[in-house]
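Q: From the sequence below, what's the structure:
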Amino acid sequence: MKKILVCALSISLFGCGAHQQKKVENADVMEYAKTITPGELSEHLYTFASDEFEGRETGEPGQKKAAEYLKAEYKKLEISSPLGGDDYYQEVPGSVFRGNVKDTENVLAFIEGSEKPEEILVISSHYDHVGMDDEGNVFNGADDDGSGTVAILEIAEAFMQAKADGYHPKRSILFLNVTGEEKGLVGSKYYTDNPVFPLANTVANLNIDMIGRVGNGMENAGDYVYLIGSDKLSTELHDLSEEVNKKYLNLNLDYTFNDENDPNRFYYRSDHYNFAKNDIPIIFYFNGVHPDYHKISDTPDKIHYEMLAKRAQLVFLTAWEVANREARPFVDKPTQASASGK
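A: Numbers count the residues shown, from 1 in each chain. As a prediction, this is how the structure comes out:
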């Protein structure tokens, strides 16, 4: 009884056992990165990109099923909603879309920071896709963006494992699964127009859109990932990203599509851009397009799960560094509108 009372007292004062908060600087970060495994990513994706989800078209039943799947997984991980209670959805009305689109929702989950809880790191992906064709063929969207979405679930689990071991992130982390990307980045625009947390307190956005395949022309590139936008607003974020990769994984970081003159203009074509145009530093993780892009052949069996795991680990390790550094990434290259005070 005495031992129980002592432990109860220690819980009230400091926490007991493994849940006692420790210095994150002492954590073996790769231990948590390695919890992001090809097997678990595959298990998630074979469900998330199955025919049951009907191509996850914005506002349609398949997208609603996908939202419920994400909510259920966050609840299993005991990650709370920033909206309170059982509400993990930021409602996005159909009226903000062009054309006839039904009401839809962003899915949000949140880990509060231990030392700088008011500062928010956003890790995002879009979970919608393009639905089915008139013949009933399902566009499963395993890479676009099932790969980024299941990566976020694994990254969230890694952070929660570290937290359970006492290594609580200093800054808060918002896991933001947005809807309506395929309709023109609408879900992420709705979030930045109606932020749950002030954009001034949002220190960075790490956005994941297609990281499960080998892109066109990259068959001999080894373990690579395209990075876009890391240096557009913050030299410090770019340098941090490079340092993390060199220290832990040494992937081939390819900046081909980061060129301002690149005709693909990918910097403007995924959800990070709605953060970037508000002068929030971003990194966009991308594998490039491939022959199955936006086709019914973008299926889970085509995913390179080992590569997907390494790319997801890179995002986690970068997020860990952003969340735990003393200072937020400095914006040394604001947009012209911000720089001129407009």
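
Q: Kindly provide the distance from the residue nearest to Gly217 when sequence neighbours are not counted to Ala221.
A: Leaving aside its sequence neighbours, Gly217 sits nearest to Gly288 (CB to CB, 6 or more residues apart in numbering; 7.7 Å). C-beta coordinates here come from the backbone N, C-alpha and C atoms, glycine included. Noted for Gly288: a distance of 10 Å to Ala221, by CB to CB, to the nearest Å.

Q: do the same with Asp259
A: 17 Å.

Q: When those two are compared, which one has more neighbours?
A: Between Asp259 and Ala221, counted using other CB atoms under 10 Å, Ala221 has the larger neighbour count: 15 against 11.

Q: Do you know the pLDDT at that one?
A: Note on Ala221: pLDDT of 97.

Q: Over to it. Which of the three states is it?
A: With DSSP: H, G, I helix; E, B strand; the rest coil as the basis, Ala221 sits in coil.

Q: May I see the buried residues of the host helix or strand of Glu43?
A: Element membership for Glu43 (DSSP states H and E) is helix 38-48. Judged by neighbour count using 16 or more other CB atoms under 10 Å, the buried positions of helix 38-48 are 38, 40-42, 44-48.

Q: how about JSON lines for those residues, with distance to Ser241 added?
A: Listed next are the buried residues of helix 38-48 as JSON lines, based on distance: CB to CB, whole Å:
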{"residue": "Pro38", "distance to Ser241": "23"}
{"residue": "Glu40", "distance to Ser241": "24"}
{"residue": "Leu41", "distance to Ser241": "22"}
{"residue": "Ser42", "distance to Ser241": "27"}
{"residue": "His44", "distance to Ser241": "25"}
{"residue": "Leu45", "distance to Ser241": "25"}
{"residue": "Tyr46", "distance to Ser241": "30"}
{"residue": "Thr47", "distance to Ser241": "31"}
{"residue": "Phe48", "distance to Ser241": "27"}
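
Q: residues in contact with Ser50?
A: Neighbouring residues of Ser50 by CB atoms under 8 Å, 6 or more residues apart in numbering: 140, 300.

Q: any idea how far it is from Glu112?
A: In this view, Ser50 and Glu112 are 33 Å apart by CB to CB.

Q: What number of residues are in the vicinity of the closest residue to Val186 other than its chain neighbours?
A: Leaving aside its chain neighbours, Val186 sits nearest to Gly180 (3.5 Å; criterion: CB to CB, 6+ apart). Neighbour count of Gly180, defined by other CB under 10 Å: 27.

Q: next one: the next helix-or-strand element following the helix holding Glu43 to chain centre, how far?
A: Next helix or strand after helix 38-48 toward the C-terminus (DSSP H and E): helix 61-76. How far helix 61-76 lies from its chain's middle: 16 Å, per CA atoms, centre = their mean, to the nearest Å.

Q: now Asn207, what's its secondary structure?
A: strand.

Q: where does the stretch 151-300 of the chain have low pLDDT?
A: Within the stretch 151-300 of the chain, no range satisfies pLDDT under 70.

Q: Can you show me the helices along it?
A: Assigned by DSSP state H, counting those that start in this stretch, the stretch 151-300 of the chain shows helices spanning 186-193, 235-248, 272-276.

Q: Run a quick neighbour tally on the closest residue to His126 other than its chain neighbours.
A: Using CB to CB, 6+ apart and skipping residues adjacent in sequence, the residue nearest His126 is Glu181, 3.3 Å away. Applying other CB under 10 Å, we find 24 residues neighbouring Glu181.
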